[in-house]
Structures are given as C-alpha cells and as structure tokens.
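Would you be able to build a 3D model of this:
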Amino acid sequence: MSKINVQPLADRVIVKPMEAEEKTKGGIILPDTAKEKPIEGTIVAIGNGKVTDDGKTVALTVKVGDKVLYGKYSGTEVTIDGEEYLIMRESDIFAIVK
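All right, here's what the predicted structure looks like:
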C-alpha cells in the first residue's frame, strides 16, 4: 500500500483504484480505450469526518487499508507523485470488501 502526503478534508477519502483488466475472460487483450473503469480500490487516506450542523464530528466508517466498491463514475481523478488516485466522499462508497 502506498503512503501519500495528502490529507483529505471532512468526509472525503483517497482511493487507489485497482488496475483495469488487461484481458477478457476469453483471453482477448483489451486496448486502453476498451478497458472498463475499475469500481474497486483501496483506501489510502481519510479525512477527519463529517461535521454536523450542531458542530459535532462524525467519524468515517472506512479506514486506511479497506478494500472498497464504489460507483463507476464516482470521485475526482488526481495524480499524486505520478500515481493515479480518486478523491471521493465516503457516501460515494457502496461497500467494504471483506
């Protein structure tokens, strides 16, 4: 797992997407334009939590190292130290993979 020097704010998390499949199950090699966007990744950084209207901070459910499923077009793509990551809100995450 990579360590990054970026701290997300509030209820945002930084996810390292899994690599897109290079081949189909039948063995056909896919060009970059035909690859599906990954919907699974690993949490590499989390914010402090969502601040409610009454000023309390609600901690995030996910933690660094969790493998998660998220929406196909969720988050904002960013490059940090030459690596591709997604920054998204915790609410964009559908599930933690156990």
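
so residue 17 touches residue 67, yeah?
No - using CB atoms under 8 Å, residue 17 makes no contact with residue 67, being 11.3 Å away. (Each C-beta comes from the backbone N, C-alpha and C, glycine too.)

Could you list the low-pLDDT ranges of this protein?
Residue ranges of the chain with pLDDT under 70: 1-2, 20-25, 27-38.

can you map out the helices along it?
In the chain, no segments count as helices under DSSP state H.

Spell out the residue ranges of the strands in it.
12-17, 40-46, 50-51, 57-58, 67-70, 76-80, 83-89, 93-97 (DSSP state E).

Nearest to residue 3 among those strands would be which one?
strand 40-46 (7.6 Å; CB to CB).

What is that closest one packed up against?
Under the contact criterion of 3 or more CB pairs under 8 Å, 6 or more residues apart in numbering; DSSP states H and E, strand 40-46 touches strand 12-17, strand 67-70.

picking that back up, would you tell me which one of the strands of the chain is buried the most?
Mean neighbour count (mean count of other CB atoms under 10 Å) peaks for strand 12-17 among the strands of the chain, with a mean of 22.

Run the angle between that strand and strand 83-89 for me.
140 degrees (axes from the mean of the first three to the mean of the last three CA atoms, to 10 degrees).

Need the residues that contact strand 12-17.
Residues outside strand 12-17 that contact it (CB atoms under 8 Å, 6 or more residues apart in numbering): 1-2, 4, 6, 8, 37-38, 40-47, 60, 62, 68, 70, 75, 83-90, 93.

I'm done for today, thanks for sticking with me.
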